[in-house]
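> Below: sequence and its predicted model.
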Amino acid sequence: MNQEPRTKNQEPSTMNLILEVCAGSITSALNASKGGAHRVELCDNLSVGGTTPSPGIIRQAVSLLNIPVFVLVRPRAGDFLYSDDEFEAMKDDILFCKDHGAEGVVLGLLKPDGTVDMERTGELIRLAHPMQVTFHRAFDMIPDAYQAMEDIIQLGINRILTSGQAASALSGADLIAELISIADNRIIIMPGGGISEENVTTLLNITHAKEVHASLRSSVESAMQFKNVKSFMGKTGSDEYVWLETDPEKVRRLLSEINPT
């Protein structure tokens, strides 16, 4: 689907549905924009759910893209119960994003009982202003989704990214639909997790979501001529010369499903 070029502050002109692409590299971010995505969530290490990308990646993405860049602020893999040192690092990352032109940050902090860490999340929101803030899928690890949503609304966060506390957004679609109904436009509930061009229409028919989040990746093969198959940078036996990047054609196909012309 052909779309008119957009500046960073423009919403898509064709309709209300917004596609945010989770991009784990500069290449993926550029491919998302090339395919027509409306916004990028910039991450690193997607195999562990994402961590904060490097300063260089953030600067390059903001400089090269003509769509909004939201940056994941997550100092490590694992749970969302952070030490004081990790919390300080998150504050530094937020200030860096704000100083270098990002339009939003994506974060989530929990207390030991699994509820939203209201005090520290509130501190980060104040630090991030005037950037937008998304509460990420830490939401899916919370015991009471309904109370958590009310807490997050109280904090003034713009949106919640969620799979509906299930393995995929399609599996959690009923809860997502219920949250959207209860939210009643007080906050954006954005489904994410396993969304593809094949299932997005079914998901939207159930949830009536206004925004969706997907990575839309395909395998990429290295252009290296010499390949040392005896040494491994990651898990032993893994293929060091094949990885995943956002596929602009998959982005276009998903957009043709949600924004038919």
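Received, thanks.

> Surely Glu123 is in a helix?
Yes: secondary structure of Glu123 (DSSP: H, G, I helix; E, B strand; the rest coil): part of a helix.

> residue contacts, the closest residue in space to it that isn't next to it in sequence?
The shortest distance from Glu123 to any residue other than its chain neighbours is 7.6 Å, reached at Lys91 (CB to CB, 6 or more residues apart in numbering). The way it works is simple: take the backbone N, C-alpha and C, and place the C-beta from them, glycine included. Lys91 is in contact with Glu123, Leu124, Leu127, counting by CB atoms under 8 Å, 6 or more residues apart in numbering.

> want to try CSV for those, with pLDDT as columns?
Shown next, in CSV, are the contacts of Lys91 (pLDDT from 0 to 100):
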residue, pLDDT
Glu123, 98
Leu124, 98
Leu127, 98
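
> where does the stretch 51-200 of the chain dip in pLDDT?
Residue ranges of the stretch 51-200 of the chain with pLDDT under 70: none are present.

> Torsion angles phi and psi at the residue nearest to Glu123?
Here is the backbone geometry of Lys91 (degrees, to the nearest 10): phi -60, psi -40.

> Please apply the same query to Arg137.
phi -70, psi 10.

> Tell me who's in contact with it.
Applying CB under 8 Å, 6+ apart, we find Arg137 in contact with Gly49, Gly108, Leu161, Thr162, Ser163, Gly192, Gly193.

> Then Asp117?
Contacts for Asp117 (CB under 8 Å, 6+ apart) come out as Leu109, Leu110, Lys111.

> quick one, helices of the stretch 151-261 of the chain?
For the stretch 151-261 of the chain, applying DSSP state H, counting those that start in this stretch gives helices covering 173-183, 200-207, 248-258.

> want to throw those helices into TSV with mean neighbour count and distance to Val116?
Formatted as TSV, those follow (neighbours: other CB atoms under 10 Å; distance: least, CB to CB, whole Å):
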stretch	mean neighbour count	distance to Val116
helix 173-183	18	14
helix 200-207	18	22
helix 248-258	19	30
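
> closest one to Ile67 among these?
When these are ranked by proximity to Ile67, the top entry is helix 248-258, at 11.5 Å, counting by CB to CB.

> which residues touch the closest one?
1, 3, 17, 19, 21, 31-32, 34-37, 195-197, 200-201, 204, 212, 214, 216-218.
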